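Colleague: build the 3D model from these lines:
(one chain, ligands or ions: 2)
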Amino acid sequence: MELGPPGGSGPAEPGPRLRGLRGADAAASASSLSRFGAEAGCRASAVAAVLPAGGSGERMGVPTPKQFCPILERPLISYTLQALERVSWIKDIIVAVTRENMETMKGIIQRYQHKRISLVEAGVTRHRSIFNGLKALAEDQPNCRLSKPEVVIIHDAVRPFVEEDVLLKVVTAAQEHGASGAIRPLVSTVISPSADSCLDHSLERARYRASEMPQAFLFDVIYDAYQQCSDYDLEFGTECLHLALKYSHIKAKLVEGSPDLWKVTYKRDLYAAESIIKERISQKVCVVMDTKEDEEHVGHCLEEMLKTELNVMTSDFEETQRLLNMVEESNLSILYPVVVISVHFLDYESVPLGQKMEKVMQIREFAKEAKKRNILLSGLLIYFPQVENNRGLEEQKLRESLRQGTTIISALIKERNSGLIGQLLVA
Ligand SMILES: Nc1ccn([C@@H]2O[C@H](COP(=O)(O)OP(=O)(O)OP(=O)(O)O)[C@@H](O)[C@H]2O)c(=O)n1
Ligand SMILES: O=P(O)(O)OC[C@@H](O)[C@@H](O)[C@@H](O)CO
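Modeller: Ligands and ions are numbered 1, 2, ... in the order given. Predicted coordinates for the structure are as follows:
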């Protein structure tokens, strides 16, 4: 078993915690969190997670195993690790990877500064990979450097959209029932074919559910089950809850999961995952303007329009370079490409076009350097013509330009297309 790299700066940026819980839910979760040591100075019921990541991704149809396929130039598994790292009361994350992918996995942990990660060798099937992960936590194994948890979460490495609330639900339910798993309504009806590939019968869809992840178990329940199960189970089984029932006689508590718990299996799932990630990271926009002296500056109109389109935070910076340095120092761009758009207003009165263009063309040089830091820098020229003796028309043309500028900025943020870096777009 190999441990992830020691120490180093902070883990992947902490994400939202227990969003949306109110009233009794919040109180219940707070007491559960304290039970798992999420609050200082209390006895922690240790929780660890095992992530099977030793598959080859055949159904994805590409040479790279899907857990290492890039989304926004970052491997899929890194998003899943980040989701689990956001949960402070998960003390150890055990990832099962094949020997041939061990160095790749170590590189991902190092590059994205993942913490609390330990690596074990995967097995030839998912169940065997999970079993290897559990062995790393069981104290009856040689060279075991991890302490046995009270509860163990099992979660596929290719299910990146797992939130703290569902993890808390399955862990709390596992503490009470011995096992728990997330479920979702079936989308298609389940049928049973006859030997000659004709319909034998179909199941009443409303009576069944799809078994998803995460799942959670009292450690001894699932470890004992794996130690007893047959080679057939290890070779052909796909359901941990079934092993807990069959060998530990524990009926898992089923917990309704969110729609985003799905597993990345086919190529279309990768496109869907990218869209969801783009949507989530595009919710935070920082408008950089050096207009604080001039409250009447058109930049404030743009800022107001952006607020209707995106969730905008505003901040004043005199120069793009200073902003780029701040982004780099914040390590923000390690996890996601950061979009920086340098907006310039082309108004005849203050600066002749030629002089303005000279300043704006610096963007191209900045952009090449910025890309090396995963910062996507583009320029936007917002043109608003002066209209002699017709203030109304002038205002109208200005608003048209600002609206076009808002559309361009939104597209740059949502798409994060590195092909547009260093370009000067005009609204
Ligand atoms: N021997 C295996 C097989 C699968 N997995 C992991 O189990 C999870 C879910 O399995 P699945 O979606 O079937 O992944 P693959 O086996 O890689 O996919 P495929 O069946 O298309 O090859 C994945 O994170 C996968 O990496 C594993 O740890 N060890
Ligand atoms: O069967 P696969 O190897 O594609 O994936 C494993 C899934 O079956 C499993 O993650 C859930 O169904 C819950 O057990």
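Colleague: who are the packing partners of the helix or strand where F217 lies?
Modeller: Secondary-structure assignment from DSSP states H and E places F217 in strand 209-218. When contacts are defined as 3 or more CB pairs under 8 Å, 6 or more residues apart in numbering; DSSP states H and E, strand 209-218 sits against strand 151-154, helix 164-177, strand 179-185, helix 240-248. Using the backbone N, CA and C atoms, a C-beta is placed for each residue, glycine as well.
Colleague: out of the ones you listed, which is closest to ligand 1?
Modeller: Proximity of those to ligand 1 was assessed by CB to the nearest ligand atom; the nearest stretch is strand 151-154, lying at 9.8 Å.
Colleague: could I have the closest one exported to PDB, CA atoms only?
Modeller: Presented in PDB, the C-alpha positions along strand 151-154 are these (Å, rounded to 0.1, in the frame of the first residue of the first chain):
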ATOM      1  CA  VAL A 151     -17.900   3.300   9.200                       C
ATOM      2  CA  VAL A 152     -16.500   2.900   5.700                       C
ATOM      3  CA  ILE A 153     -17.900   4.700   2.600                       C
ATOM      4  CA  ILE A 154     -17.600   2.900  -0.700                       C
END
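Colleague: okay, now the unreliable bits of the stretch 101-250 of the chain?
Modeller: 143-144 (pLDDT under 70).
Colleague: ligand 1 contacts on that one?
Modeller: Within the stretch 101-250 of the chain, the positions lying close to ligand 1 (CB under 6 Å from any ligand atom) are A122, G123, V124, T125, R126, S129, D156, A157, V158.
Colleague: again, only this time at 8 Å
Modeller: Counting by CB under 8 Å from any ligand atom, the positions of the stretch 101-250 of the chain adjacent to ligand 1 are 122-126, 128-130, 156-159, 238.
Colleague: read off the pLDDT value for E256.
Modeller: As predicted, E256 sits at a pLDDT of 97.
Colleague: bridging residues for the nearest residue to it once chain neighbours are set aside?
Modeller: Spatial nearest neighbour of E256, chain neighbours left out: I183 (6.4 Å); criterion: CB to CB, 6 or more residues apart in numbering. Beta-bridge partners for I183, by DSSP bridges, are S211, E256.
Colleague: contacting residues around I183?
Modeller: If you count contacts by CB atoms under 8 Å, 6 or more residues apart in numbering, I183 has them with R209, A210, S211, E212, L254, V255, E256, G257.
Colleague: what about the nearest residue to the first one once chain neighbours are set aside, distance to I281?
Modeller: Spatially, and ignoring its direct neighbours in sequence, R209 is nearest to I183 (4.0 Å; CB to CB, 6+ apart). According to CB to CB, to the nearest Å, I183 and I281 sit 28 Å apart.
Colleague: how far does the helix or strand following the strand holding F217 sit from its chain's centre?
Modeller: As assigned by DSSP H and E, the chain's next helix or strand after strand 209-218 is helix 219-228. A distance of 30 Å separates the C-alpha centroid of helix 219-228 from that of its chain, computed with CA atoms, centre = their mean, to the nearest Å.
Colleague: where does E394 land on pLDDT?
Modeller: We have a pLDDT of 84 for E394.
Colleague: give me the three-state assignment for it.
Modeller: Taken by DSSP: H, G, I helix; E, B strand; the rest coil, the conformation at E394 corresponds to helix.
Colleague: which residues touch it?
Modeller: Residues touching E394, when contacts are defined by CB under 8 Å, 6+ apart, comprise F384, P385, Q386, V387.
Colleague: what's the nearest residue in the stretch 101-250 of the chain when you look at ligand 1?
Modeller: Taking CB to the nearest ligand atom, the stretch 101-250 of the chain has S129 as its residue nearest ligand 1, at 3.3 Å.
Colleague: so that residue makes contact with K135?
Modeller: No. Using CB atoms under 8 Å as the test, S129 is too far from K135 to be in contact (10.8 Å).
Colleague: so these two - more neighbours on which side?
Modeller: More crowded of S129 and K135, by other CB atoms under 10 Å: S129, with 25 against 19.
Colleague: just the CA coordinates of the helix or strand hosting that one, formatted as CSV?
Modeller: Under the assignment given by DSSP H and E, the secondary-structure element containing S129 is helix 126-137. As requested, the backbone C-alpha atoms of helix 126-137 are provided in CSV (Å, rounded to 0.1, in the frame of the first residue of the first chain):
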residue,chain,number,x,y,z
ARG,A,126,-14.5,-4.1,-8.9
HIS,A,127,-15.3,-6.3,-5.8
ARG,A,128,-11.7,-7.4,-5.5
SER,A,129,-10.5,-3.7,-5.8
ILE,A,130,-12.9,-2.8,-3.0
PHE,A,131,-11.8,-5.8,-0.9
ASN,A,132,-8.2,-4.6,-1.3
GLY,A,133,-9.2,-1.2,-0.1
LEU,A,134,-10.9,-2.6,2.9
LYS,A,135,-7.9,-4.7,3.8
ALA,A,136,-5.8,-1.6,3.9
LEU,A,137,-8.1,-0.3,6.7
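Colleague: confirm that D200 sits in a helix.
Modeller: No. Looking at D200 with three-state DSSP, it is strand, so not inside a helix.
Colleague: out of everything not next to it in sequence, what's closest to it?
Modeller: For D200, the closest residue by CB to CB, 6+ apart turns out to be S194, at 4.1 Å.
Colleague: what's the answer for Q321, then?
Modeller: Q321 sits nearest to F366 (CB to CB, 6+ apart), 6.7 Å away.
Colleague: for the helix or strand where the one you found lies, give me every contacting residue.
Modeller: Applying DSSP H and E as the criterion places F366 in helix 362-372. For helix 362-372, the external contacting residues (CB under 8 Å, 6+ apart) are 320-321, 324, 340, 342, 376-379, 418, 421-424.
Colleague: is it true that E309 touches T406?
Modeller: Yes. Applying CB under 8 Å, one finds E309 in contact with T406, separated by 5.3 Å.
Colleague: these two: who's more crowded?
Modeller: Using other CB under 10 Å as the criterion, E309 and T406 rank with T406 on top: 22 against 15.
Colleague: JSON lines please, covering the contacts of I183 and showing neighbour count and distance to S147.
Modeller: As requested, the contacts of I183 are arranged in JSON lines below (neighbours: other CB atoms under 10 Å; distance: CB to CB, whole Å):
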{"residue": "R209", "neighbour count": "16", "distance to S147": "34"}
{"residue": "A210", "neighbour count": "15", "distance to S147": "34"}
{"residue": "S211", "neighbour count": "18", "distance to S147": "29"}
{"residue": "E212", "neighbour count": "23", "distance to S147": "28"}
{"residue": "L254", "neighbour count": "17", "distance to S147": "29"}
{"residue": "V255", "neighbour count": "20", "distance to S147": "26"}
{"residue": "E256", "neighbour count": "12", "distance to S147": "32"}
{"residue": "G257", "neighbour count": "24", "distance to S147": "29"}
